[in-house]
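1. Quick check, what structure comes out for this input:
(2 chains)
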Amino acid sequence: MNFEFSEPEQRFIDRVRAFIAREAEKNYADEVMAPEREAHSQLADSPERREFCRQLAAEGLLGLSWPKEYGGQELPGIYDYFVNEELAAVGAPLIGKGIGIIGQTLIEKGTEKQKQYFLPKILAGEIEFALGYTEPGAGSDLASLQLKAQRDGDGFRLNGQKTFNTSAHFADWYWLAARTDNSGPSKYHGITLFLIPMDSKGISVSEIETMACHRTNEVFFDDVRVSAADVVGEVDKGWELMCQALDYERFTLFTYSPLRLKFDALVATLRDWKVAGQAALETDHVRRKLARLGSKLEVAKMHQRRVICAAAEGRVPTVESAMCKLYCTELGQEICDTAMDLLGPQALLSEGVDEAPLDGRWESALRATVVDTIGGGSSQVQKNIISRRHLGLPNPN
Amino acid sequence: MDLRFSDEQLMLADTIESICEQFYGLERIRQKRSADDSCPQEFWQALVNAGFSGLVIDEEFGGAGLGLLDAVSVFQALGRHLASSPLLVSSLLAARAIDILASSTQRRQWLPAIASGDCVVSVAQLEAGCGYGSSSFITTLKKGKLNGEKILVPHASLATHLLVLATDEDNEMPVCCLVDTRQSSLQVSPQDNIACAEVSRVTMVDVAVESECIVYNDQFWSLWQSAMSYSAVAAAAECNGGAQAMLSMTVEYANNRIQFGKPIGAFQSLSHYMAELATELEGSKTLNHQAAWAFDQGRDWHLLAAQSKLQAGDGFRRTTAVGTQIHGGLGFTREANPQLFFRHAKLQQLLMWDPCFLEQHIASLMLDTRTETQ
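-> Numbering: from 1, shown residues only, chains lettered A, B, ... in the order given. Here you go, the predicted structure:
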């Protein structure tokens, strides 16, 4: 057994850290690296953050796991994760869907034309995507999606609605799952993937406000005309591609370091905090709660290590990722909740209020982390995966 | 990074499995009705014959000189069978304490004897009213005589000697003494308990201690805690083994038990509990392995050891509580095994450092200025 990263892995991680340290010296660092702003790291768009993505590309940190013929470096997928872990540790934008879900799928199933157009742009960090999966009637049961794609000459006509499509308001392209056939033997048949311009005629995006400080969107399709060349893979057979891509997404998108940051920030806050006149860190119940949280944090790290290890062995870490996502996201909420409990009523105060501890970080974090156990496969979906694939329990249906 | 046990470690576990199956199956454990019942002599003898009593003792003292991670593999397997023996208290805790606290003469005298199984040393630490955190013992050593009363002393009937923690009257500092169990001034009486485990009260009235059997050390308490940390890693492995067995048993039951026309494991109200337990267990096992690995590699390990025992003890407890619930009425009966795991889980959670002590201990390692030793 060995809990250390291999030498090449460690060298690579050091290289990413050196890159981040250089970027942190630049003028735009305050906007780009914002660990205290939940969700900002993944979901915000600004000229500075786009520039940072181009720097990531210039440093050669995008497309690490891609084949060399498409400009990649043929490293194991886990290297993308290493980059994300380090980026998350400073609250910088993560390597997103472009390199992951979209790039990987295009490389496997895209047409030559799609590869030639999209892959270089993704590698250069020049293109933003929105993911169009969820619908009002298709959340955890994604395969029951009903956005209608009707044959129309040599193309299709799209009608219907998507919801919770984060970044749809600034993305350039739309990775979209639609229903091309409803008469198949099961709901998994008849789903088709499309890649279309976000500004296609007939698409309208409207904001969904959330209780956290990040926006998401609902998207309406009114006779949106797309061509056959916009289809990714085969018509009616998109579900399989989506599943493969989700397996990949699960282990690259859920990082451990934000938990560590939060815990350290909590301990730091409590060092200067008093409970009934006594130093908080000398108060028994505070110490006990922190001991519990600190132990769970170490378990979270173990789950992350299990994902890394499985991936490094060349396995798809489906079960490990499900456990990691489940454990880490639940713990993230627990840290915020415990932080507020320990700090007391003052923790209710928001950013900008003088008396707010850590400038209102905790109350905003409590609101922001709600989505972590819902999006990307809810905790209950993860438990289904673990029940069936790890424990061999029967399918509820 | 490689999180798998080596082939040798897996073989150690296999050997334990077959010794347990041959000499100390769950059926035998189910028959235990009181704290009088010791583990079968032939089970202990088989462990000794296979060299387990010297597993982690240095080769220079006749042991196998293996690492803590090797021991973890062994204790996980023992835990799966709930197979308690003097191995943990004698070959890990007492041996480790003697190794880091005692003089070189004492080490040469005791470690080979423990490794060979000629001596079985149990530990008398706890006293009524004071838990693992207290270093001021009511039991005293005065003019070469021990007086006091210890509780929850494990496996006294197989023990040839006791390592007794006491307060040295001369300087009010903690010391420990090795005493022969077979003397009339030392009285052993079994104490009935939640799991019918063999634990005893030991009453000492003017127990004579030879001077070469007294272990003095300027840093007695911190080194003793270090020996406890070491054993807590093995105890945590035992908890993880128990949790693993309970979870497998529960999953199997949920796959076979039909209610409302389908296996009850198909109900998410039950399967989601099991998924949570599996997630905690896998995390807890990896944490336990990391603690042992860190020790073997000479890195900081005390905090990891304490965190591991806390997580593993709690995990075992929760797994047996939920697992018993999923077994329904059957889980409550003496004829089935869930109750055995349920009762042992609480025992193992509270022994070899209980959660309340562990929280304080972890907090001080994590929050106060710390320097790691040993």
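
2. Get me the contact residues on the stretch 1-150 of chain B for chain A.
-> By Cβ under 8 Å from any Cβ of the partner chain, the residues of the stretch 1-150 of chain B that approach chain A are B:1, B:2, B:3, B:4, B:5, B:6, B:69. Heads up, the C-betas are built off the backbone N, CA and C, glycines and all.

3. ok, the residue in the stretch 101-250 of chain B that chain A sits nearest to - contacts?
-> Residue nearest to chain A within the stretch 101-250 of chain B (Cβ to the nearest Cβ): residue B:247, separated by 8.0 Å. Residue B:247 sits next to A:391, B:274, B:277, B:278, B:281, B:319, B:323 when contact means Cβ atoms under 8 Å, 6 or more residues apart in numbering or on different chains.

4. Show me the residue of the stretch 51-200 of chain B that gets nearest to chain A, please.
-> residue B:69 (6.1 Å).

5. pretty sure residue A:379 is touching residue A:328, no?
-> No. Counting by Cβ atoms under 8 Å, residue A:379 does not reach residue A:328; the two are 10.8 Å apart.

6. Give me the more crowded residue out of these two.
-> Using other Cβ atoms under 10 Å in any protein chain shown as the criterion, residue A:379 and residue A:328 rank with residue A:328 on top: 23 against 19.

7. Any chance of the contacts of residue B:247 in a markdown table with distance to residue A:267 as columns?
-> Putting those into a markdown table (distance: Cβ to Cβ, whole Å) gives the following:
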| residue | distance to residue A:267 |
| --- | --- |
| A:391 | 36 |
| B:274 | 34 |
| B:277 | 29 |
| B:278 | 30 |
| B:281 | 28 |
| B:319 | 30 |
| B:323 | 35 |
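
8. Mind checking which of those residues are in helices?
-> B:274, B:277, B:278, B:281, B:319, B:323 (DSSP state H).

9. how about these in TSV, adding distance to residue A:160?
-> As requested, these are exported to TSV (distance: Cβ to Cβ, whole Å):
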residue	distance to residue A:160
B:274	38
B:277	41
B:278	38
B:281	43
B:319	46
B:323	46
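
10. Those: which ones sit near chain A?
-> Okay, of those touching chain A (Cβ under 8 Å from any Cβ), that's B:274, B:278.

11. so how far is the first residue of stretch A:24-32 from its last?
-> End-to-end span of stretch A:24-32 (Cα to Cα, to the nearest Å): 9 Å.

12. in it, what's buried?
-> Along stretch A:24-32, these residues count as buried under the neighbour rule (16 or more other Cβ atoms under 10 Å in any protein chain shown): A:29, A:32.

13. now the helices: where do they sit in the stretch 251-374 of chain B?
-> For the stretch 251-374 of chain B, the helices defined by DSSP state H, counting those that start in this stretch cover B:268-296, B:302-326, B:338-350, B:355-367.

14. Can I get these in TSV including distance to residue A:55, mean neighbour count and mean pLDDT?
-> Shown next, in TSV, are these (distance: least, Cβ to Cβ, whole Å; neighbours: other Cβ atoms under 10 Å in any protein chain shown; pLDDT from 0 to 100):
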stretch	distance to residue A:55	mean neighbour count	mean pLDDT
helix B:268-296	35	23	98
helix B:302-326	37	26	98
helix B:338-350	51	22	98
helix B:355-367	36	20	97
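
15. hang on, the earlier thing: could you redo the residues of the stretch 1-150 of chain B next to chain A as a markdown table and give each row neighbour count and pLDDT?
-> Shown next, in a markdown table, are the residues of the stretch 1-150 of chain B next to chain A (neighbours: other Cβ atoms under 10 Å in any protein chain shown; pLDDT from 0 to 100):
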| residue | neighbour count | pLDDT |
| --- | --- | --- |
| B:1 | 16 | 91 |
| B:2 | 13 | 94 |
| B:3 | 20 | 96 |
| B:4 | 12 | 96 |
| B:5 | 18 | 98 |
| B:6 | 13 | 98 |
| B:69 | 23 | 98 |
